[in-house]
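In: Model the structure of this input:
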Amino acid sequence: MSYWDSSALVKLYVQEPDSAEFRALASKASRVTTGSLTRHEVRTVLRRREAEDVLLSGEAAALYGELNADIAATDIVIQSETADVEQEFGVVLDKCFSQTPPIFIRTNDALHLASAKVAGEPEFITGDVRQRAAALLMGFTVLP
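Out: Here you go, the predicted model:
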């Protein structure tokens, strides 16, 4: 059971140097969970990569369609933003910003961590080096 932030999920759809490592983690996972904001973040990344000519014209839309198909097939489970997520979001912020020195977490990263806590996932999968410290602080096993 694992929670995947957007930076990790993108690696399943776009070939990056470390994509094989993330695909191996996904194949071993009994469940891949992510937050509702992931659709928006992944869509933005895909469209940006297309504008940067990393992806071919029209490929962003096709890959976004694949993500939505995986969500519809429940290969990826979405943790909705609920009152519990909002409450946990405050806990994440308080814990990160009260450290010495503070962990300056971004809004979407804190939402991902709150969603992962509410979903009850013990593992947090991320490709974001800045988010790793906050995830460890929140008690997750962080991979890779």
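
In: Just the pLDDT at residue 30, thanks.
Out: On the pLDDT scale, residue 30 is placed at 82.

In: quick one: residue 110 and residue 90 touch, right?
Out: No - at 9.1 Å, residue 110 does not count as touching residue 90 under the criterion of C-beta atoms under 8 Å. (C-beta placed from N, C-alpha, C; glycine too.)

In: out of these two, which sits in the busier spot?
Out: Counted by other C-beta atoms under 10 Å, residue 110 and residue 90 do not tie: residue 110 has more neighbours, with 23 against 11.

In: Local confidence estimate at residue 129?
Out: For residue 129, the model assigns a pLDDT of 87.

In: try residue 112
Out: Confidence score, pLDDT, at residue 112: 98.

In: got the contact list for the helix or strand containing it?
Out: Using DSSP states H and E, residue 112 sits in helix 107-119. For helix 107-119, contacts defined as C-beta atoms under 8 Å, 6 or more residues apart in numbering pick out 3, 5-6, 33-38, 41, 77, 79, 81-82, 84-86, 88-89, 91-93, 96, 105, 124, 126, 128, 130-131, 134-135, 138, 140.
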